[in-house]
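Engineer: Here is a sequence with its predicted model. Questions after.
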Amino acid sequence: MDHATLNWCGARKATYLIHQHFRYEYPGPIRDLDHRLMIVPRLRHGDQRRIVQRVDILPDARAVLGQDAFGNELALVALPHVEGTLEFEHWSVVERNTSHGEHRVTAGQLADPRYRNASKLTRPDAELREAAQTLRAAHADPLELANALNTFVHRTMSYKADVTDVSTTAAAAFALRRGVCQDYAHVMLAIARTCGLAARYVSGHLLGEAGTHAWVEVLIPSGDQALVVAFDPTHGCRTTLGYLVVAVGRDYADVAPTSGVYSAPYVGRLRARKRVGVSAVEYAA
């Protein structure tokens, strides 16, 4: 199905197929490869669940599957020798069902220091602390504050590729007032945590975008639980059925889709492609 032509108004449930392919090319043989993939969507996350998944590796090898400390799906690959190319191919079918209701977690996660304290990439400088102070003074309610942060980052930053990279900090991106989705997410996280909000980085897919996308989840106190509210500061909105979660963490470094080390006197070249499509949609009666 073409997601752009679908009528999403009244959609209750949707099923998606995710296909990704990564190809590393090296000038010659490499040794002692230790690689990490975080491309398989979480088994369950709010109203989203993974139905089936598969990861193939060329040259033929087995991946050790498991979960990290955040509950994200990991595939670890160790190879003593790779001749010149290394390929990973991944398929997943996931479903989102809004009839499950609001995304809630235990209140204990509100106090999780991983979501409250600054990480390496979200450590605030004086300018970010000043922005946090101004926004917090104007918005006492946590959800209202989170909405204001999302709007502020969207309006303050300008989307610009190739001016930052995966190691750029929130402070550096905010000083530029430019960056890509991961920078928008890092800036919002830096301000949110400085304001006293528990918030986490989300890596996933947005229908219609060629690459992976990043956004933010803010944990809001709600009775004896915490309400998880997802914001996309890049687009200045809350997330919709068009967003599919792969992994969550403190910042990009926790959820990098593909990373690793090897021994060789040269660097490799990565080619990646993906496709996320809608296979079925159900509407409320």
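Structural biologist: Yep, it's here. Numbers count the residues shown, from 1 in each chain.
Engineer: Could you use CA atoms for every contact and neighbour count after this?
Structural biologist: Noted.
Engineer: Doesn't residue 143 belong to a helix?
Structural biologist: Yes - counting by DSSP: H, G, I helix; E, B strand; the rest coil, one finds residue 143 located in a helix.
Engineer: Leaving out chain neighbours, which residue sits closest to it?
Structural biologist: residue 220 (6.5 Å; Cα to Cα, 6 or more residues apart in numbering).
Engineer: Validate this expectation: that neighbour resides in a helix.
Structural biologist: No - applying three-state DSSP, one finds residue 220 to be strand, outside a helix.
Engineer: what's near enough to touch it?
Structural biologist: Contact analysis of residue 220 by Cα atoms under 8 Å, 6 or more residues apart in numbering lists 110, 142-143, 197-198, 226-229.
Engineer: What's opposite it in the beta bridge?
Structural biologist: residue 227 (DSSP bridges).
Engineer: Let me know the pLDDT of it.
Structural biologist: pLDDT, residue 220: 97.
Engineer: re the thing from before, which of the contacts of residue 220 count as buried?
Structural biologist: Listed as buried from the contacts of residue 220 are 110, 142-143, 197-198, 226-229; burial here means 16 or more other Cα atoms under 10 Å.
Engineer: List just the nearest of these to residue 61.
Structural biologist: residue 228 (37.9 Å; Cα to Cα).
Engineer: Could you check how far that closest one is from residue 82?
Structural biologist: 43 Å (Cα to Cα, to the nearest Å).
Engineer: so residue 129 sits in a helix?
Structural biologist: Yes - assessed with three-state DSSP, residue 129 lies in a helix.
Engineer: right, and it touches residue 194 too?
Structural biologist: Yes - applying Cα atoms under 8 Å as the test, residue 129 and residue 194 come out as touching, 6.6 Å apart.
Engineer: Comparing these two, which residue is more hemmed in?
Structural biologist: residue 194 (23 against 19; other Cα atoms under 10 Å).
Engineer: Check whether the more buried one really touches residue 132, as I assumed.
Structural biologist: Yes - taking Cα under 8 Å as the definition, residue 194 is a contact partner of residue 132 at 6.2 Å.
Engineer: on that earlier part again, pipe the contacts of residue 220 into a markdown table and attach distance to residue 14 and pLDDT per row.
Structural biologist: Putting the contacts of residue 220 into a markdown table (distance: Cα to Cα, whole Å; pLDDT from 0 to 100) gives the following:
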| residue | distance to residue 14 | pLDDT |
| --- | --- | --- |
| 110 | 30 | 93 |
| 142 | 30 | 97 |
| 143 | 27 | 97 |
| 197 | 31 | 97 |
| 198 | 29 | 98 |
| 226 | 25 | 96 |
| 227 | 22 | 97 |
| 228 | 20 | 98 |
| 229 | 20 | 98 |
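Engineer: Just flag the most distant two among these.
Structural biologist: 110 and 143 (13.7 Å).
Engineer: which other residues reach the helix or strand hosting residue 87?
Structural biologist: Under the criterion of DSSP states H and E, residue 87 resides in strand 85-97. Residues outside strand 85-97 that contact it (Cα under 8 Å, 6+ apart): 12-26, 39-41, 47-59, 241.
Engineer: Each with direction, which strands does it pair with?
Structural biologist: strand 11-25 (antiparallel), strand 48-58 (antiparallel).
Engineer: okay, the ones you listed in TSV with mean pLDDT, mean neighbour count and distance to residue 237 next?
Structural biologist: Formatted as TSV, these follow (pLDDT from 0 to 100; neighbours: other Cα atoms under 10 Å; distance: least, Cα to Cα, whole Å):
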stretch	mean pLDDT	mean neighbour count	distance to residue 237
strand 11-25	96	18	18
strand 48-58	95	16	19
